[in-house]
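> Quick one, what's the 3D model for this:
(chains A and B)
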2 protein chains.
Amino acid sequence: MSAFFSPASVALIGATDRPGSVGRALLENLSGLGGRLFPVNAGRDKVLGRPCWRSLAAIGRPVDLAVIATPAATMPAVIQECVVHGVRAAVVISAGFREIGEKGAALEKQVLEVARRGGLRLIGPNCLGLMVPQAGLNATFATAMARPGRVAFLSQSGALCTAILDWSFRQRVGFSAFVSVGAMLDVGWGELIRHFGEDPATESIVLYMESVGDAASFMEAARTVAAKKPIIAIKVGRTAEAARAAASHTGAMTGSDAVLDAALGRAGVLRVDTIGELFDMAEVMAKQPLPSGPRLAILTNAGGPGALAADALGLRGGTLAELDTETTQALNTCLPAHWSHGNPVDVLGDADPSRYADALRVLLADNQTDGLLAVLTPQAMTDPQAIAKALVEATRGCQKPVLASWMGGDAVERGREVLNAGGIPTYDYPDEAARAWQYLWQRQERLRWLEETNRIACLERPAMSEARTLVQGHLAAGRNLLTEVEAKQILAAAGIPTLETFQAASEDEAVNLAAGIGWPVVLKLHSPTLTHKSDVGGVRLDLADEAAVRAAWCGIQQAVPAADFAGVTVQRMVRQHGLELICGLSQDAQFGPVLLFGAGGVLVEVMQDRVLLLPPLSPMLVLDRIRQTKIFRALQGTRHLPAADQEALADTLVKLADLALAVPELLELDINPLLVSAQGVLALDARMFVAHASA
Amino acid sequence: MSAFFSPASVALIGATDRPGSVGRALLENLSGLGGRLFPVNAGRDKVLGRPCWRSLAAIGRPVDLAVIATPAATMPAVIQECVVHGVRAAVVISAGFREIGEKGAALEKQVLEVARRGGLRLIGPNCLGLMVPQAGLNATFATAMARPGRVAFLSQSGALCTAILDWSFRQRVGFSAFVSVGAMLDVGWGELIRHFGEDPATESIVLYMESVGDAASFMEAARTVAAKKPIIAIKVGRTAEAARAAASHTGAMTGSDAVLDAALGRAGVLRVDTIGELFDMAEVMAKQPLPSGPRLAILTNAGGPGALAADALGLRGGTLAELDTETTQALNTCLPAHWSHGNPVDVLGDADPSRYADALRVLLADNQTDGLLAVLTPQAMTDPQAIAKALVEATRGCQKPVLASWMGGDAVERGREVLNAGGIPTYDYPDEAARAWQYLWQRQERLRWLEETNRIACLERPAMSEARTLVQGHLAAGRNLLTEVEAKQILAAAGIPTLETFQAASEDEAVNLAAGIGWPVVLKLHSPTLTHKSDVGGVRLDLADEAAVRAAWCGIQQAVPAADFAGVTVQRMVRQHGLELICGLSQDAQFGPVLLFGAGGVLVEVMQDRVLLLPPLSPMLVLDRIRQTKIFRALQGTRHLPAADQEALADTLVKLADLALAVPELLELDINPLLVSAQGVLALDARMFVAHASA
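Numbering: from 1, shown residues only, chains lettered A, B, ... in the order given. Prediction:
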């Protein structure tokens, strides 16, 4: 990678002085390298008054980096020339590859082969190029060099690069590197992230992503780097997903943005929604520590803005700190009698700097607060600048993050400058600050997930050999879509509490099985073809005696065509009160096994109250993630139900994750419903699809 | 109201030249009135070199408006003096009333009595005052006068006023009026909205609300005015609601922010989440027409920014327009071959002004688009200013809204200026533009609701006399919490399809009723005390014969204490496949009857998939609103279920609304579940609480 970002010598292939051309723009931008730049053009000896070489060979000395702007059709030959000359890295600016169709794709493949054979690394094609401002390297055709700074920006859209660059001058945002990755034919996210993770000039890595490329490489690099430096990403395609047909609810999620979202979370990457947030969060995380919990104290000199901040926090699922008695008493001694006596802490319109600072110290000392947002409106008695100074002073050495919103225009501008200079991020409106707070907490949470992931990576995962043997047996028999009975056997073998289910091929067998299980029982259709049994009248509950079982047999038999009827299954009638959840797993083409957890039942697709989890898991990782569903609230107990056994639930998901890792042939699984109650969990129904992993 | 906003003469009571005092700040701000200002101070003949009067009487001529800054304790006497002198209106700046506790509240009450008796209108107390920039009237103690403009800003937070005012200078936002409403002791939202609705200088009304005050007056004024001018509001308290105990799911919603939200919607008020959006939307709606539908076309010169815009639209529930074949063909003729062939329409990085303009004309001419967002990044070949000019030219006279996002900094600044001058709102990022688009569509939708509300207001509502008689009978008998049988009778009387349910006091009676109804039947506990029947094992389904009924009777009897057992109810077993919804109604203290619609079942509180509706309703109003729930998707048909009878469902909610209006004694009602299927609706269970309306 060093050949890309700190090359000792650079050749520009396609150098020209034709006005308005990409080759000329590159030449001008690269001129800063002086004698380290070697313009190459087969037909020229001079460009823009500089010496120009007819070929790489003509240069007569080693070249680290080639920047290439010749037409796509010339590329295989140009790359071959680079290989022959021993060039280590190439940035291919030129377009005309896969984006123009099959012909371009074939050309691209050829280029890659030549490069790979010759050990040449490529960034691009079809990109704006790259910049390293500190090193004076501008290998782009952009109109200006980025400001130096400590953010590495990597973008899959060259056009977005031009907009961000232009914007960055005005906002005084600087970069350690600015890379347009283009089509990522060779060098992709993983290597770049790893490089900037080790680059001492880079404090945070900011990504604009359209696709993930090599998922394994991305995940591994992100996990390693995110533990040390913030990685902040915006990824488009959240909503523009094509609907997919799949054999299971879980299967329908694969390849989706939801899987990627789960993967980013597990990799420690902070995903934001807007470009504004992308760079704001890079700045905030450079200035402030991370909170150790989600609880925010709001300090304000007016009720309205405090309420706005609290609302914004609530809308984003945040947590207002609850002040303990000690804190309230301490505030009573330093605030006027009519302070708000709660969080937001309104220190009233006539607050002077020392009142703000006193209250801030009390709030930050409270163990129940994880950070603070200071809000100010410029009222008649307010001195925004002096209060800002007092705040900066009072937060010096503080281990909790502090954000500010000095609301207004010129009257608060000086105060904002004081805060900025003092390392306290300021926002025009408290809602933006509340949003930043939520992202800070999210990053902390994700760092914990990384730690936990590293911890459990050292543990040996169960071999699941019994389940594995069962699956391989079915595969050997040419089976793929397993029956409920078979699926449940595999779950039971994986250690997941399962309601035992038996198959009956005749009415008498059903009666005998029922008698053995104990009354009452449930009969369900057993069919090689129909898997949604309740839709066709194939489920009969609460059968209390032999007569009821016989009647149910006949009813089910009559409800479906003869070809679809292969007898029934018999199981115990479960009376236990609990919640019906769905747990599933599927194999994502990019990220491998993915687990799903959510509210179950027939409305699972409509309610979409679910989260995805990536193996391996631990109870902590499971609980942190499933807490984000609505159904989780019900698991903590409702008017109708006592709190469920969360430990048993977490254990089930951990085992499912182990099963997924141990048996890659298990392509899709839905446990729907998984009954969860105070007594534990029980898989009431299951569907499973297995195939050889290559399928 | 004219005495407040265009007074011929103003008295300042509490005028003083003491530096730093509110009285002096007011005096300085009001000085612009020249001879129309009469400073009053019992102890002075001159203030700040101007003549000062010892009392109102001493002025010797009529006074339209009194601005009062004397201490709270003096207020009853001061107001009395105003009344005696024939002052028409007073702005009470002073604090020290309800916000300091009981004593202040009593004082406030006294002040109001004096004013009401004397026909004097009051704004405040505890406010910053008011400004009318065009008239040179600044009756506030703020540091400067607002810029003149066409937005009336009304705020319940004085501190926020100071911040907004300071901000408005920098942003060049102007105001037709700037009013700090304070405690709204007398003049409230309703009168102010009505006033500015009729004020020709006001184009839009912008509100910061903490409480709604007189809800009826607010709703009536907002409905009338919003039909003519945009009313845009931010209301705090979205999330900081105390949990309430109530006898029904619907009852738990009353007094909540959700009720207010529904009311704002029906009143045509656009509710936004942030202060930034508040003024941005006032500006956008002044510049652009409203869309007639939600479908947005996105025009861009790069894929990435287009994808960002599409994502942002999707995240907010928006709709990307689908281009029809004709449009695609037209674009094929004016765009290069590699354009995106879909929406977002990527006209590629080398697009010149005419290509942008051509594509824009084609997109706006398409009947499948309701408006357009033009996105631009400053790429090598891009001329942001010329494209902006072409855009302004091409949209001239266009009846569809057009928004823009020229992304970048200085390179696009001139282009932004051209767009702004041409009336096309511009945003730094496309996500902000997508948000504005959604608000534009929301306003249009709300205007339609207003029209529909006006249309049905002329229709006679059913008298519901049979239901009314039933409720009054129960009240006369001292009953409040009705049984399932009673509640269903009332629903049936209101014309709502209801599963008939019979009461049985003995086992034999249950058997006889079941035989009369037809097998199979359902038995449920009938209890004067226990209303959540399934929790206690009080529901037995699918009873096929006499023996089953007898067994169920015994089972239910044994499941509950004797005191809670008053027999059973018997009803037909419904086998119909459908969705279980909840429909309810309750009486909100501020807004009167409120209906609830949502996903039913035991998880209703957890899933919170519901909307509130305010009577009167029509099928259109119902469908527009319930479309916002997730369960609505299931109503349109799922893998398991055919599409439900939406007409029957809408009709049920219309009838419930009529019932609520006709029978105000019906305080709370839950129909849970209401079974909805292709065959229609059926109320399977119902609970009702009635009381004399004053209760």
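
> tell me what the longest strand along chain A is packed against?
In chain A, taking DSSP state E as the definition, the longest strand is strand A:666-677. With contacts taken as 3 or more C-beta pairs under 8 Å, 6 or more residues apart in numbering or on different chains; DSSP states H and E, strand A:666-677 sits against helix A:484-493, strand A:579-588, helix A:646-662, strand A:680-683, strand A:686-690. From N, CA and C alone the C-beta is placed, and that goes for glycine too.

> Quick one, which of these gets closest to chain B.
strand A:579-588 (7.9 Å; C-beta to the nearest C-beta).

> Buried residues, that closest one. List them.
A:579-588 (16 or more other C-beta atoms under 10 Å in any protein chain shown).

> And stretch A:80-95, by the same measure?
A:80-83, A:85, A:87-95.

> Does that stretch reach chain B?
No - figure legend: stretch A:80-95 not in contact with chain B (C-beta under 8 Å from any C-beta of the partner chain); closest approach 9.3 Å.

> Now do that stretch: distance from first to last residue.
From its first residue to its last, stretch A:80-95 covers 18 Å (C-alpha to C-alpha, to the nearest Å).

> and if you look at stretch A:127-147?
Using C-alpha to C-alpha, one end of stretch A:127-147 lies 20 Å from the other.

> and it, average pLDDT?
Average pLDDT, stretch A:127-147: 95.

> Please spell out which residues along it are buried.
Buried, per 16+ other C-beta under 10 Å, within stretch A:127-147: A:127-133, A:135, A:137-142, A:145-146.

> again, but for stretch A:144-160
Buried, per 16+ other C-beta under 10 Å, within stretch A:144-160: A:145-146, A:149-160.

> restrict the residues you listed to contacts with chain B.
Among these, the ones lying near chain B by C-beta under 8 Å from any C-beta are A:155-160.

> Tell me which of the residues you listed fall in helices.
Among those, the ones falling in helices (DSSP state H) are A:158-160.

> Out of the buried residues of stretch A:127-147, the closest to A:Gly555 would be?
Taking C-beta to C-beta as the measure, A:Gly555 lies nearest A:Cys127 of these, at 65.9 Å.

> residue contacts, that closest one?
Contacts of A:Cys127 were listed using C-beta atoms under 8 Å, 6 or more residues apart in numbering or on different chains, and they are A:91-93, A:158, A:180-183.

> Pop out the phi and psi values for it.
Phi and psi for A:Cys127, reported as degrees, to the nearest 10, are phi -140, psi 170.

> And the residue lying closest to it once chain neighbours are set aside, how far from chain B?
Nearest residue to A:Cys127, sequence neighbours excluded (C-beta to C-beta, 6 or more residues apart in numbering or on different chains): A:Gly182, at 2.9 Å. According to C-beta to the nearest C-beta, to the nearest Å, A:Gly182 and chain B sit 12 Å apart.

> quick one on the thing from earlier: and the ones next to chain B among the buried residues of stretch A:144-160 as a markdown table, adding distance to A:Ala66?
Shown next, in a markdown table, are those (distance: C-beta to C-beta, whole Å):
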| residue | distance to A:Ala66 |
| --- | --- |
| A:Ser155 | 21 |
| A:Gln156 | 22 |
| A:Ser157 | 23 |
| A:Gly158 | 19 |
| A:Ala159 | 24 |
| A:Leu160 | 25 |
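
> Now the strand or helix carrying A:Leu26: buried residues?
For A:Leu26, the host element (DSSP states H and E) is helix A:22-30. Of all the residues in helix A:22-30, those buried under the rule 16+ other C-beta under 10 Å are A:22-27, A:29-30.

> Mind exporting the C-alpha coordinates of that helix to PDB?
Listed in PDB are the C-alpha atoms of helix A:22-30, where the atom choice follows Å, rounded to 0.1, in the frame of the first residue of the first chain:
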ATOM      1  CA  VAL A  22      -8.200  14.500 -17.600                       C
ATOM      2  CA  GLY A  23      -4.500  13.900 -18.500                       C
ATOM      3  CA  ARG A  24      -3.700  17.600 -18.300                       C
ATOM      4  CA  ALA A  25      -5.600  18.000 -15.000                       C
ATOM      5  CA  LEU A  26      -3.700  15.100 -13.500                       C
ATOM      6  CA  LEU A  27      -0.400  16.500 -14.800                       C
ATOM      7  CA  GLU A  28      -1.100  19.900 -13.200                       C
ATOM      8  CA  ASN A  29      -2.100  18.300  -9.900                       C
ATOM      9  CA  LEU A  30       0.900  16.000  -9.800                       C
END
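
> counting contacts, what elements does it pack onto?
Where contact means 3+ C-beta pairs under 8 Å, 6+ apart, helix A:22-30 is packed against strand A:10-13, strand A:137-140.

> The spatially most central residue of chain A: what secondary structure?
Chain A has A:Leu264 as the residue nearest its centroid, 2.4 Å off, counting by C-alpha atoms, centre = their mean. Assigned by DSSP: H, G, I helix; E, B strand; the rest coil, the conformation of A:Leu264 is helix.

> And it, what's its pLDDT?
pLDDT, the model's per-residue confidence, is 95 for A:Leu264.

> Contacts only, for it.
A:222, A:233, A:235, A:271.

> you'd agree the third one is up against A:Ala263?
No - in this structure, A:Lys235 is not within contact of A:Ala263 by C-beta atoms under 8 Å, at 10.3 Å.

> follow-up on the earlier one: just put the helices and strands packed on helix A:22-30 in TSV and tack on distance to B:Lys400.
Compiled in TSV, the helices and strands packed on helix A:22-30 are given as follows (distance: least, C-beta to C-beta, whole Å):
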stretch	distance to B:Lys400
strand A:10-13	47
strand A:137-140	38
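
> Residue ranges in chain A under the pLDDT threshold?
Confidence mapping of chain A against pLDDT under 70 gives the ranges A:238-255, A:531-532, A:602, A:694-695.

> List the buried residues of the top helix by length along it.
Using DSSP H to define each element, chain A has its longest helix at helix A:430-457. By neighbour count on 16+ other C-beta under 10 Å, the buried set for helix A:430-457 is A:430-447, A:449-450, A:452-453, A:456.

> With stretch A:348-363 instead?
Counting neighbours by 16+ other C-beta under 10 Å, one finds that the buried residues in stretch A:348-363 are A:348-349, A:351-353, A:355-360, A:362-363.

> closest to A:Ala42 among those residues?
Among the buried residues of stretch A:348-363, A:Leu360 lies closest to A:Ala42 (C-beta to C-beta), at 67.9 Å.

> List the residues that contact that closest one.
A:299, A:372, A:374, A:391, A:394-395, A:402 are the contacts of A:Leu360 under C-beta under 8 Å, 6+ apart.

> Is it in a helix, a strand, or coil?
Per three-state DSSP, A:Leu360 ends up helix.

> and the buried residues of helix A:430-457 near chain B, which?
Filtering the buried residues of helix A:430-457 for proximity to chain B by C-beta under 8 Å from any C-beta leaves A:431-432.

> A:Gln628: neighbour count?
Neighbour count of A:Gln628, defined by other C-beta atoms under 10 Å in any protein chain shown: 13.

> From chain B, how far out is A:Pro289?
Distance from A:Pro289 to chain B, by C-beta to the nearest C-beta: 26 Å.

> give the contact list for that residue.
By C-beta under 8 Å, 6+ apart, the neighbours of A:Pro289 are A:399-401.

> According to the record, where do the domains of chain A fall?
Chain A breaks down by automatic domain parsing into domains covering A:291-450, A:500-573, A:579-690.

> Most neighbours of all the contacts of A:Leu360, which one?
Busiest of these [other C-beta under 10 Å] is A:Ala374, holding 31 neighbours.

> all strands in the stretch 501-650 of chain A, in order from the N-terminus.
A:501-504, A:521-525, A:539-543, A:568-572, A:579-588, A:592-599, A:610-613 (DSSP state E, counting those that start in this stretch).

> Please verify my assumption that A:Ala25 contacts A:Thr162.
No - with contact defined as C-beta under 8 Å, A:Ala25 does not reach A:Thr162; the gap is 11.7 Å.

> Around chain B, which positions in the stretch 51-200 of chain A sit nearby?
Close to chain B, as judged by C-beta under 8 Å from any C-beta, the stretch 51-200 of chain A has residues A:99-100, A:141-143, A:155-160, A:162-171.
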